[in-house]
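Build the 3D model from these lines:
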Amino acid sequence: MELAQLAETGRAPKLPLRLELAGEALELQRLLRVLPGQRYVALAQWCGRPVLAKLLVGGKAERHFQRELQGARLLAEQGLPTPALLAQGWQAGQGGWLLFDYLEGAQSLWDAWQVVASRPLLDAAQQAVLGEALGAIAQMHARGLWQADLHLDNLLRHAGRVSIIDGGGVCVEVAGKPLSRARVLENLGMFFAQLPAEVQPFIEELLVHYLLANGEHALPLEALLAEVAKVRRWRLRDYMRKIARDCSLFSARIGAFGLRVVRRDCLDELAPLLNQADALLTRGRALKLGGSATVAQVRQGERELVVKRYNVKNLGHWLKRFWRPSRAWHSWVEGNRLHLLGIATPQPLAVLERRWCWLRGRAYLITEYCGGQDIIARFQPYLDKDGDESPPEADLLALDRLFAALLRERISHGDFKGSNLLWINQRDEGQGRWSLIDLDAMQQHRSARSFARAYARDRARFLRNWPADSQLFKLLDQRIPLTPAVGSAD
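Numbers count the residues shown, from 1 in each chain. Okay, the predicted model is just below:
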């Protein structure tokens, strides 16, 4: 196959795939990243050795090729650790290619972070991962370079050091001279904004890892935190737009006679379920059989899922609902919001709406199955204690973190009964977190005043899960933050 034909293969070309590049054969073996019709990144075989191949095709290919080539050369010329560029070429009418040394066994720092993410905040293991990342970033900044798309996936741990990849995002101010303080603050703001918000109180401590490798500038903490907040707001807006359109993360079909949005990485797996949701819902294990909603646990392949169907009870109910976004859509939006903000909830996988000329009918939400124990059942053994025994401190600390996150992000649940809060065990022994479900009434508030009112209702509803004269109620009432104060300006 010629390179230009690769653009016609769409998102999933059949592998292995043999390409002819300037008389040399390149065999694609495993796709690592695909932007259909534009960019294909793959593990490949070339001249008897494994390589990482970046193939640029389509109308924007030349511009993307030049950017990738310039970034790779800048990293190499400044002596920064990066995979060697073994071959590159551009062919008019076909596209461009860059072949890099494949770092066998390399681990991205994002994968390394995922392994330690559930551990106590900023313990030694987490410090090690973030310290490696900040050291590599500092090296770039000291040589006048920065990554416009800075994240942990662009840093690879290999052979005892961290390599920088993705030359297409590498920019230069003055090559070989330290980056200006304004650019450093902007770039570090992007880095910290992609970490859990709970890390923010430790940013000053983490900066030590950066300053040890690049102490060119004093970095005012207030200015850095302002950059972090700005990037966080932008990332949330950008992500919330993506969940409603066809893109690399989501497959979306939205029209007058139906809506279907699915996470692209599980599109093939969910296809049978999407095509016969009602039938599989009937055969699944019923979790709720209400008039307004039917919920069942469904097994699809090797995966346990939850399917929630939002029913139309009668004509009057339909007249109230058809003109506004369905509760399934609202839950899809809020579930994805929590997922990005790092607040635990079963990952939303797909949402469906039945429509007729844009008028909404039944709707469906599909999420991962979250098989944890709800907080009422988990705390039941401690309800009748006379203060001699309380729930495990790990459970209480996780509850502290959840309420702190809701306060920080101004999020109210709207139906904070105990059955909507599940305990999920993590990989590490003794670690766990509380996961929120049933997000139909969830809201992120812009106004501090409206949030304070909603938070007060959530807090009161949560505490009503236990008798007011019990020691457990008194313990939780003491630990859970009170309604935030609202000034007259709010």
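
residues near V57, how many?
For V57, the tally of surrounding residues (other C-beta atoms under 10 Å) stands at 25. Where C-beta positions appear, they are placed from N, C-alpha and C, glycine not excepted.

close enough to count as contact, it and T9?
No: the pair V57 / T9 is not scored as a contact, 9.7 Å apart, by C-beta atoms under 8 Å.

can you pull out the helices in the stretch 201-350 of the chain?
All helices of the stretch 201-350 of the chain, identified by DSSP state H, counting those that start in this stretch, fall at 203-213, 221-242, 267-275, 277-283, 315-321, 327-341.

buried sites along the second one?
Same thing as helix 221-242. L224, L225, E227, V228, V231, R232, L236 (16 or more other C-beta atoms under 10 Å).

Poorly predicted segments of the stretch 351-490 of the chain, please.
Residues of the stretch 351-490 of the chain meeting the criterion pLDDT under 70: 358, 385-388, 426-431, 486-490.

Give me the domain ranges for this protein.
For the chain, automatic domain parsing gives the domain ranges 3-101, 107-230, 250-368, 373-479.

Distance to A485 for the ones you listed - can I get that in CSV?
Shown next, in CSV, are the domains of the chain (distance: least, C-beta to C-beta, whole Å):
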stretch, distance to A485
domain 3-101, 47
domain 107-230, 21
domain 250-368, 23
domain 373-479, 8
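
Which among the ones you listed is found nearest to M240?
domain 250-368 (6.6 Å; C-beta to C-beta).

First-to-last residue distance for that closest one?
One end of domain 250-368 sits 16 Å from the other (C-alpha to C-alpha, to the nearest Å).

Next: stretch 141-160.
Terminal residues of stretch 141-160 lie 21 Å apart, using C-alpha to C-alpha.

Would you agree L188 is in contact with Y210?
Yes: contact criterion C-beta under 8 Å: L188 and Y210 qualify, at 7.2 Å.

thinking again about what came up before, between the domains of the chain, which gets the lowest average pLDDT?
The stretch with the lowest mean pLDDT among the domains of the chain is domain 250-368, at a mean of 84.

Please state the offset of that domain from the chain centre?
Relative to the chain's own centre, domain 250-368 is displaced by 20 Å; criterion: C-alpha atoms, centre = their mean, to the nearest Å.

one step back: just give me the closest of the buried residues of helix 221-242 to E302.
Nearest member of those to E302, counting by C-beta to C-beta, is L236, at 32.1 Å.

burial count for the residue nearest to the closest one when sequence neighbours are not counted?
Distance criterion C-beta to C-beta, 6 or more residues apart in numbering; nearest residue to L236, sequence neighbours excluded, is L340 at 6.3 Å. Number of residues near L340 (other C-beta under 10 Å) recorded here: 15.

same thing with the one 5 residues further on?
For T345, the count of nearby residues is 25 (other C-beta under 10 Å).

got the contact list for it?
G335, L338, H339, C370, S435, L436, I437, L439 (C-beta atoms under 8 Å, 6 or more residues apart in numbering).

Go ahead and flag the most central residue of this structure.
Centroid-nearest residue in the chain, with C-alpha atoms, centre = their mean: L340, separated by 4.6 Å.

Looks like that residue contacts R233 (just checking).
No: at 11.9 Å, L340 does not count as touching R233 under the criterion of C-beta under 8 Å.

now K54, nearest residue through space, not along the chain?
Nearest residue to K54, sequence neighbours excluded (C-beta to C-beta, 6+ apart): L98, at 4.6 Å.

Correct me if wrong, but that neighbour is in a strand.
Yes: judged by DSSP: H, G, I helix; E, B strand; the rest coil, L98 forms part of a strand.

so it touches P83, yeah?
No: contact criterion C-beta under 8 Å: L98 and P83 do not qualify, at 10.2 Å.

Show me what L156 is bridged to.
Under DSSP bridges, the beta-bridge partners of L156 are S108, S163.

Can you mark which positions in the helix or strand harbouring L55 are buried?
Following DSSP states H and E, one finds L55 within strand 49-56. Using 16+ other C-beta under 10 Å as the test for burial, strand 49-56 gives V51, L52, A53, K54, L55, L56.

Am I right that V172 is in contact with L74?
Yes: using C-beta under 8 Å, V172 is in contact with L74, at 5.6 Å.

what sits in contact with each of those two?
With C-beta under 8 Å, 6+ apart as the test, V172 and L74 both reach L145.

Could you pull up phi and psi at A84?
Main-chain torsions, A84, degrees, to the nearest 10: phi -70, psi 140.

Now for it: which residues touch it?
By C-beta under 8 Å, 6+ apart, A84 lies in contact with A76, F100, D101.

what sits in contact with each of L188 and Y210?
I137, L219.
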